[in-house]
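Engineer: Structural data only, the sequence is not supplied:
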């Protein structure tokens, strides 16, 4: 290869490398600039599929098969992950890639009211808070104000 061809090839390769790096930085910037969600009292709206999941409960919270009581929770499984803004350090931290939220209702009646939405896509509105005890099964939970079938 002649020195002029080598110079052209090196210059061309460097230009391609720079373009690839810039494209990657642009993609990362677009993802990081996506607005994250605030914790309560701000009310938010999310769309996802409502599922019921069983977790091991007392006495050990390790295995239903080994004798722990089953505890059933409803989750909102998001089609697209979300992130949260830190509100209070050590209480409501920032999280990325949140795909599941445990749903918290104000009464047992809500489970009967919304039972027809299990397994379906729904729109949930409410306020967020971060999980902080053994009964909180996801990093972020949603205190539900309204829940309705998605259109």
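Structural biologist: Now that the structure is in, tell me what you want to look at. This is a predicted model, so every value here is computed, not measured. Numbering: from 1, shown residues only.
Engineer: Give me the pLDDT for the nearest residue to residue 136 once chain neighbours are set aside.
Structural biologist: Nearest non-adjacent residue to residue 136, counting by CB to CB, 6 or more residues apart in numbering: residue 102, 6.3 Å away. Quick note: C-beta positions are derived from backbone N, CA and C, even for glycine. Here the pLDDT value assigned to residue 102 is 98.
Engineer: Could you do residue 79 as well?
Structural biologist: On pLDDT, residue 79 comes in at 89.
Engineer: Point me to the helix or strand that includes the residue nearest to residue 136.
Structural biologist: strand 95-104 (DSSP states H and E).
Engineer: before we move on, what about residue 113?
Structural biologist: Going by DSSP H and E, residue 113 is in helix 109-114.
Engineer: what's the angle between the next helix or strand after that helix and strand 95-104?
Structural biologist: Downstream of helix 109-114, the first helix or strand assigned by DSSP H and E is strand 121-130. Orientation check (axes from the mean of the first three to the mean of the last three CA atoms, to 10 degrees): strand 121-130 against strand 95-104 gives 110 degrees.
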